[in-house]
Each structure stands twice: as structure tokens, then as C-alpha cells.
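Asks: Can you look at this prediction? I've put the sequence above it.
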Amino acid sequence: MINFKQIIASIISKATQINEKELEIYIETPKDNKNGDYSFPCFRLAKELKKAPQIIANEIKEKLDQETNEEIEKIEVTGGYLNFFINKEELVKEVLKEIENEQEYGKSEKGKGRNIIVEYSSPNIAKPFHIGHLRTTLIGNALYKTYKYLGYNTTGINHLGDYGTQFGKMIEAYKMWGNEYDLKEDPINKLMDMYVRINELCKQDESILEKCRENFRLLEEGDKYCTELWNKFKELSMTEFSKIYDILNVKFDSYNGEAFYSDKMEEVVRKLEEKGKLIESKGAKIVDLEYAGINTPCIIQKTDGSSIYATRDLAAIMYRAKTYDFDKCLYVVAYEQNLHFKQIFEVAKSLVDEKYTKGLEHVSYGMVSLPTGKMSTRLGNVVKIEDLIKGTIEKAQEIIEEKNPTLENKDQIAEKVGIGAIIFNTLSTANIKDQIFDWNTALNFQGETGPYIQYTYVRTQSVLEKAGFVPKLDDIKIENLLDEFSIEILKLIYNFEETLIQVTEKNEPSILARYLIELAKAFSSFYNENKIILDNKDVQNARIYLTYAVGKVLKQGASLLGIEMPEKM
Ligand code: ARG
């Protein structure tokens, strides 16, 4: 694709002798079209050139006016800004060509040769999969797909919480009450029940707690009975988790969870010891992190010699460096664990090369809650993802029943709409913000929602169906796509790949979610303003083609977020 930013950077570079790459970073896209399609803030150069921005802008413009450039239509100076108006015909030609030629629009090899790990979801075994895990699952999935689409060698890891002292408790509980519970049905809730019961008992009876600790020790040593039980818990949980992953269409390349590192922690302890980083504190082994401005030390080994969460994470970093030679290793985990990641990233500096520690990144995100009222009481206190999904699909069914009772395959469509609503709602707020999940908002067909994007897509498809064909590119006359509504759409389509790049640079799928809303809105304006099927065949061809292009990009973009499009709704 023509890279307008690069072209602009290169012509400014010729006029100023300043490095092109440096200039490109400063180029902005103005909010108001009156200020051009791209603009360059000259105050960025004021220091270097020792002149006022306005003067720089005028001087550069004078030089540029002497040259002609096919891609740029005109340049204006406003204040200290140079505003560039691109040649719209070039833009249209270019976008249409790419839409026509590329099976998967916007796909690239940009990330070729770079290894990315995205760690996401990572629920805890024998605990309910609750809405707290929704964001990690969906943000991670969207990042995974987007990196892949841009050609990165991407590995998705589910770092299951399948280890730790709580399993000693679970084993003890099962020994005591296993025969009371039928784990064939609703196993997670029953395991949870047992867990609550054993915790109560431990509080009252120190000797039971001692037994639990002993169980975990046995498990760490590979005791047959304990391992069998632990495997059973894990299987039961995985069956439940898989149901959710299937319905959300989320996949992983590896399920190496905490237990996987149980035999790889010695190396962590040894290496830290060698480097003189481990100190004794009340019988435990810790790494002091005061020097790095972190006031809480990182505990590596507990008093009883058992390992902990952080140690397993450190072992995982060493293992991942060796196994995947990663350039980036992203942890999509709630902000409650900010301190944990600060600590382990700091300690990791003593364990792996700088190349790897530089690539470690905590993709932190905020809380999800439900509005108080009917919805939350219906779903209970700990809101399980499964119930949220069920409830949302039911709601979608009601809406579809009301809006379009004669629709075929209503159930399938309601599923896509319900899931689309959940995914979009989850991904449309910036990672770091807390969010509320509300059925009325998430399922509003007119709001900034998943269903709105799906609805817009369905509209494009019904236009194409009415037309009965998609015209050939050769039959499109560019002059029919130069009006402001079409240009708005074509500019957005042009920006698709750049949007994906930003998603990966900031690890922020909400950028893509926002983009899809803008594209859907731009299409709605175009659609309300123009007839698409009409007598003038030239105009009709152009508009049908544009509709086809919008459908293609909406579908592709949504699929990177994990949202599927219904063909009708
Ligand atoms: N299992 C943890 C939880 O549910 C999240 C694990 C995050 N990942 C990690 N590498 N520590 O809270």
C-alpha cells in the first residue's frame, strides 16, 4: 500500500535534511478534515532549527511548492502546522486494488522472525471460571490473533493455576468427604464447596491444616494417590473450561500451567543463590528489591521449603526464554497483580539475558462488575462466565424474537449476537479502565456495541444480495467515490493495517474495537445519504463495491477480536 506518512516524511526530509524516520513519528492525523489528512507540527523542529514553528512551516512549504508530488494534492500552513491534503484519487485506487487483491485484507508479514508469547486466561483449577477471567481471556485472544495476522510467530499460553498449597487442602477434603459428592454433575461447584468446608475446618483444627500441608508435600514429591486425585480435579476443571473456550472460540498452543514448572524451580533457587541474591528472612528465602524501589521483597521459598507462585513464574520465564526465544512475553493479568509482576520482572534480571527481561510485559487490566439490580441477583454473587454467556444469549433471543420473528436459524444467530455483545463490550474499553457489564448496553443494536457492528455487516450483505453481484474492479470509475461519505469510509479502510499495528504496539484491542465502530458509523452515514441500487450503473457499481469493501473489513476486523458475523439478523 502507498504509505502516505512515509511519503510526507520523505518530502519534509528533503527540504530540511532531517532524518525521515524521526519526522514520520511526529506526523499526526487531524481530527477535522479542514486541516488536511495529515499534518506536521513544526514546533517539533523549532529547537533543532532554532526558529519559530510558523517560520519553519512557511519555509518548508515554499520549498515543497516547487516540487510536484503525485500523492499529495496540496499543502497548507495553519499556525505552526503544515497540513497535507492527499490526492484522493490515489487513495481510492490504492484501497480498491488492495481490497480486490488480498484474500485477507490487512494481513502482513510485518512481524516475521519475531517471537511473541501471549499468556492469557489462566484460570485456577477447582475454582469457578468467573467474570474476573473474562477480560484476560478475551484481551489475550484478540492480541494473539492480531499478532498472528501481522506475521509474528505467536504462541498462546494458558498458565493454568493448577498448583499450590490449596491442592493439599483439596486432597484432604476429598479424602474426608469425597463419597458425599457426585462429581459427575456440576463438579466445580462441588469442589468449591469442599474447599470452603475444609478451609473452615483448618481454621478450627490445626492438625487438619498440618495434614493438608503434608498432602501438598506428597504431591510435590510425586506421590501416586495425591497425583491421581490432583489429575482428577484437573480433568474435571478442564472439561468445564473447554466448554467456555469452545463457545468463545478461544484457543491456546500450550496449557503448561504452574504444575509444569514444579520440577524447574530448583534451578531458580540455585541461580539466585549463586548470584548472592537470596537472603534468609524468618526461615524463608527472599530476594530483597529495595534497591529497585520495590518495598516488598519477593518470596522465593517458604519456611517449610515449599515453593510459591512467584517461583513458578520465574521458572516459567527461564523455560520460555529457552524454548521460545521470545522477543515479547505478554502477561494479560488483572491489575491486582501489578506488584507481583514488578517483582518477578526485577528478579528475572538475575536469571535470564537482558534481551528477555526487556520483552517481559504485564498487560494489566481493570475490574468487571455488574450493575446492581436484577441482572446481578439473577446471576448470584460469584458470577460464572458460563451463566453470563447463557443469560446474554437468552436476552439476544428475546430481542431477535421481537425484532425479526420470522428469521431462520434464530438460535444460531442469537448465539453469535450474544457472544458478539460480550466480546465487544469487554474489548471496547481501554484495558486499564474498570468496566460494567450491562445487558441493556451490550445488546443495544443502535449503541456502540457488537450487535451494532454485526447489524451493519448484515446490512452490507443484504445490499450485495439485492444487487446480485459484486462488480469487477475494472468497472469502477474512481470519480464516483470522491464524495465526502465515500472518502471517509475509504480513509478508514486505508487505516486498517495501521490500526492493527497500534493494537500490537500498545497491546490494546480497544483500538480495533473503536475503529470498527467508526467504520460502521461511516457506512451508516453513507447508507442513509445515498441510494446504492439505482439506474446510473456507474454510480451503482462504485457504491456496491464500496459496500462490499466495508463488509469485508468489518468481518475481518471483528474476527480478530473473536467476533463472528451472522449473515442475517
Ligand atoms: N491463575 C491466576 C489467577 O487466576 C493468574 C495467573 C497469571 N499468570 C501468571 N503467570 N502469574 O489469578
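Replies: Looks like it arrived, so ask away.

Asks: What is the three-state secondary structure of the closest residue to the ligand within the stretch 201-350 of the chain?
Replies: Residue nearest to the ligand within the stretch 201-350 of the chain: Val333 (4.4 Å; C-beta to the nearest ligand atom). Bear in mind the C-beta positions are built from the backbone N, C-alpha and C, glycine included. Assigned with DSSP: H, G, I helix; E, B strand; the rest coil, Val333 falls in the strand class.

Asks: what number of residues lie near the residue nearest to Gly551 when sequence neighbours are not counted?
Replies: Closest residue to Gly551 apart from its sequence neighbours, by C-beta to C-beta, 6 or more residues apart in numbering: Thr460 at 3.5 Å. Residues contacting Thr460 under the criterion other C-beta atoms under 10 Å number 25.

Asks: who's in contact with Glu508?
Replies: Ala430, Asn431, Gln502 (C-beta atoms under 8 Å, 6 or more residues apart in numbering).

Asks: Format the residues you listed as CSV; extra columns: neighbour count and distance to Asn409.
Replies: Output for the contacts of Glu508, formatted as CSV (neighbours: other C-beta atoms under 10 Å; distance: C-beta to C-beta, whole Å):
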residue, neighbour count, distance to Asn409
Ala430, 16, 35
Asn431, 19, 35
Gln502, 16, 36
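
Asks: The residue of the stretch 201-350 of the chain closest to the ligand against Thr137, yeah?
Replies: No. Using C-beta atoms under 8 Å, Val333 is not in contact with Thr137; the gap is 11.4 Å.

Asks: so where's the stretch 51-200 of the chain shaky on pLDDT?
Replies: For the stretch 51-200 of the chain, no stretch has pLDDT under 70.

Asks: thinking again about what came up before, so what's the residue nearest to Gly551 up against?
Replies: Contacts of Thr460 (C-beta under 8 Å, 6+ apart): Phe523, Thr547, Tyr548, Val550, Gly551, Leu554.

Asks: what's the burial count for the closest residue in space to Met194 that isn't next to it in sequence?
Replies: Distance criterion C-beta to C-beta, 6+ apart; nearest residue to Met194, sequence neighbours excluded, is Ala173 at 3.9 Å. The number of residues packed near Ala173 is 25, by other C-beta under 10 Å.

Asks: Just the element for the residue nearest to Gly551, please.
Replies: Here Thr460, judged by DSSP states H and E, is contained in helix 450-467.

Asks: before we move on, what about Lys521?
Replies: Per DSSP H and E, Lys521 falls inside helix 510-529.

Asks: who touches that helix?
Replies: So helix 510-529 is contacted by 142, 146, 424, 427-431, 448, 452-453, 456-457, 459-460, 463, 485-486, 488-489, 492-493, 495-496, 499-500, 502-503, 546-547, 550, 553-554, 557-558, 560-561 (C-beta under 8 Å, 6+ apart).

Asks: redo that, cut-off 7 Å
Replies: 424, 427-431, 448, 452-453, 456, 459, 485-486, 488-489, 492, 499-500, 502-503, 550, 553-554, 557-558, 560-561 (C-beta atoms under 7 Å, 6 or more residues apart in numbering).

Asks: Stretch 402-412 now?
Replies: Gln397, Ile400, Ile413, Lys568.

Asks: if we go to 8 Å?
Replies: Counting by C-beta under 8 Å, 6+ apart, Gln397, Ile400, Glu401, Ile413, Phe445, Pro566, Lys568, Met569 sit against stretch 402-412.

Asks: near the ligand, which residues of the stretch 251-400 of the chain?
Replies: When proximity is defined by C-beta under 6 Å from any ligand atom, the stretch 251-400 of the chain lies next to the ligand at Asp313, Tyr331, Val333.

Asks: which strand residues sit across from the residue of the stretch 51-200 of the chain at minimum distance from the ligand in the sheet?
Replies: Across the stretch 51-200 of the chain, no residue is closer to the ligand than Gly161, which sits at 3.2 Å (C-beta to the nearest ligand atom). In this structure, Gly161 bridges to Asn124 when assessed by DSSP bridges.

Asks: do you know how far it is from Glu90?
Replies: The gap separating Gly161 from Glu90 is 53 Å, by C-beta to C-beta, to the nearest Å.

Asks: Just want to know which of these two has more residues nearby.
Replies: Counted by other C-beta under 10 Å, Gly161 and Glu90 do not tie: Gly161 has more neighbours, with 20 against 17.
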